[in-house]
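Chemist: Kindly generate the corresponding structure for this input.
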Amino acid sequence: MKHTGRTTLDVPIDRVDLSEWLFTLSDAEYQAAAPTAHRAAGTFVQNGVRGSVNVEVIGGHLIIQHYREVTATPTHVEMFSTRSRVYLFHLVPAHIQVRWTMSAADQTAGTSEFRCTVELIMNPLLRFLGAMSGLSPAIRRHTRIETQGFADDIVRKAKAAAKHTAP
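Modeler: Purely as a prediction, here's the structure:
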């Protein structure tokens with residue numbers, strides 16, 4: 001199950017730093033990006049590898065991801081969680097893996113394209129239960145919403161930083 005959200009950032013690519021943005025994202029900023037779904041988030045460093053714990057409710061299912069950084073550059077971040085838990089209808093726990101990637105690319109002189117992809121890796125039984133419970137359309141809607149929310153926060157921070165560095 002893989003879904004990608006796309007939107008335009010109203011800042012040039014040289015003012016985008018996804019790695020810096022993600023690893024300084026506060027719990028409140030994470031929640032504001034998708035207010036009906038995002039419950040909590042925090043970052044950590046373990047054995048020299050950065051990570052993030054995210055808690056969401058999507059389609060009536062509680063999902064807790066324990067991401068570890070795979071790659072992180074100003075224009076591309078990939079996080080992978082090998083030990084995420086989904087609680088189907090907040091009751092039945094199951095193990096899943098989640099890959100979360102974000103990228104930015106030059107679009108015009110003053111804009112960039114932002115993409116946010118969420119991929120859930122599940123065993124066949126969970127895929128079936130997810131299909132029966134409408135998880136895929138819920139993840140698709142959620143990815144679109146959080147992509148725009150993340151983009152809004154990235155632009156806000158990039159514009160604030162430009163004001164502080166302007167002569």
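Chemist: Which helix or strand in the protein has the lowest average pLDDT?
Modeler: helix 124-132 (a mean of 83; mean pLDDT, DSSP states H and E).
Chemist: by contact count, what packs against the helix or strand that comes right after it?
Modeler: Per DSSP states H and E, the first helix or strand lying C-terminal to helix 124-132 is helix 135-165. With contacts defined as 3 or more C-beta pairs under 8 Å, 6 or more residues apart in numbering; DSSP states H and E, helix 135-165 has these neighbours: strand 2-9, helix 18-23, helix 27-33, strand 49-58, strand 112-121. C-betas here are computed from N, CA, C, even on glycine.
Chemist: Relative to Arg68, how far out is Val57?
Modeler: Relative to Arg68, Val57 is positioned 23 Å away (C-beta to C-beta, to the nearest Å).
Chemist: In space, not sequence, find me the middle residue of this protein.
Modeler: By C-alpha atoms, centre = their mean, the mean C-alpha position of the chain lies nearest to Trp100, the distance being 5.9 Å.
Chemist: Surely it and Met79 touch.
Modeler: Yes. Using C-beta atoms under 8 Å, Trp100 makes contact with Met79 at a distance of 4.5 Å.
Chemist: Find the residues that touch each one of the two.
Modeler: Tyr67 (C-beta atoms under 8 Å, 6 or more residues apart in numbering).
Chemist: Give me the below-cutoff pLDDT ranges for this protein.
Modeler: Applying pLDDT under 70 to the chain flags residues 166-167.
Chemist: top strand in it by residue count?
Modeler: When the chain is parsed with DSSP state E, its longest strand is strand 92-106.
Chemist: tell me which strands and helices that strand is in contact with?
Modeler: helix 18-23, strand 61-73, strand 76-88, strand 112-121.
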